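# Below: sequence and its predicted model.
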Amino acid sequence: MKYRKLGKNGPTVSAIGLGAGSATTNFGERDDEVQIATVHRAMDLGVTLFDTADRYMKGRHERMLGRALKGRRDGVTVCSKFGNIDNPDGTKAYNGRPEYVRSACEASLKQLGIDRIDLYYLHRIDPDVPIEETVGAMAGLVKAGKVRFLGLSEAGPKSLARAAKIHPITALQTEYSLWAR
């Protein structure tokens with residue numbers, strides 16, 4: 001396995017990570033024990049970067065990843081994301097309000113069964129909340145020891161520049177697949 005430094009000051013991680021997007025029920029029902037075995041096999045092959053989000057399977061994926069990493073947390077970089085929410089009518093929305101940033105982090109820590117998230121991403125920019133406010137709240141999580149590094153997902157260059165003025169952004173996650181290159 002090849003390893004890289006994430007950002008200027010981030011952790012050294014495997015060049016290939018294991019993400020949870022395809023493990024969600026968006027692609028059919030998934031068996032937790034098969035997913036746990038997949039995480040363990042990835043670790044055995046040298047994968048150290050694991051990515052999930054609070055909304056994947058309504059928190060079930062974070063709980064599964066937490067179970068998979070129990071007793072094997074050393075040397076692993078856990079990434080999670082927040083900010084994508086479901087409205088009561090079932091439509092999707094974004095929430096980058098500072099009070100939500102804090103509560104979402106607390107919920108993810110509990111679901112993952114860990115006391116610190118290594119890399120915490122804003123899943124999507126909330127158009128109703130200035131990025132400076134959201135990242136300011138995220139920076140508070142770093143100061144509190146609940147998060148090590150901050151990231152943005154699917155953010156444009158202007159949002160990234162504004163965010164970086166508030167706190168260093170270690171990673172920018174963008175889709176790269178057969179459908180989006």
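Right, received. Where do you want to start? Residues are numbered from 1 along each chain as shown.
# which residues in this structure form helices?
32-44, 60-69, 98-112, 131-143, 157-166 (DSSP state H).
# Put the alpha carbons of the third one into PDB.
What follows is helix 98-112 as a C-alpha-only set of coordinates in PDB (Å, rounded to 0.1, in the frame of the first residue of the first chain):
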ATOM      1  CA  PRO A  98     -23.200  26.600  14.100                       C
ATOM      2  CA  GLU A  99     -25.500  24.900  16.700                       C
ATOM      3  CA  TYR A 100     -26.200  22.100  14.200                       C
ATOM      4  CA  VAL A 101     -22.400  21.600  13.600                       C
ATOM      5  CA  ARG A 102     -21.900  20.900  17.300                       C
ATOM      6  CA  SER A 103     -24.900  18.600  17.700                       C
ATOM      7  CA  ALA A 104     -24.100  16.700  14.600                       C
ATOM      8  CA  CYS A 105     -20.500  16.100  15.700                       C
ATOM      9  CA  GLU A 106     -21.700  14.900  19.200                       C
ATOM     10  CA  ALA A 107     -24.100  12.500  17.500                       C
ATOM     11  CA  SER A 108     -21.400  11.200  15.100                       C
ATOM     12  CA  LEU A 109     -18.900  10.700  18.000                       C
ATOM     13  CA  LYS A 110     -21.600   8.700  19.800                       C
ATOM     14  CA  GLN A 111     -22.500   6.600  16.800                       C
ATOM     15  CA  LEU A 112     -18.900   5.900  15.900                       C
END
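# and the angle from that helix to helix 60-69?
Orientation check (axes from the mean of the first three to the mean of the last three Cα atoms, to 10 degrees): helix 98-112 against helix 60-69 gives 40 degrees.
# counting contacts, what elements does helix 98-112 pack onto?
helix 60-69, strand 77-82, strand 117-122, helix 131-143 (3 or more Cβ pairs under 8 Å, 6 or more residues apart in numbering; DSSP states H and E). From N, CA and C alone the C-beta is placed, and that goes for glycine too.
# deepest of the helices of the chain, which one?
Among the helices of the chain, helix 60-69 has the highest mean neighbour count (mean count of other Cβ atoms under 10 Å), at a mean of 21.
# what angle sits between it and strand 77-82?
Using the same axes, to 10 degrees: helix 60-69 against strand 77-82 is 170 degrees.
# thinking again about what came up before, okay if I get the helices of the chain as JSON lines plus distance to residue 178?
Output for the helices of the chain, formatted as JSON lines (distance: least, Cβ to Cβ, whole Å):
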{"stretch": "helix 32-44", "distance to residue 178": "21"}
{"stretch": "helix 60-69", "distance to residue 178": "22"}
{"stretch": "helix 98-112", "distance to residue 178": "29"}
{"stretch": "helix 131-143", "distance to residue 178": "30"}
{"stretch": "helix 157-166", "distance to residue 178": "25"}
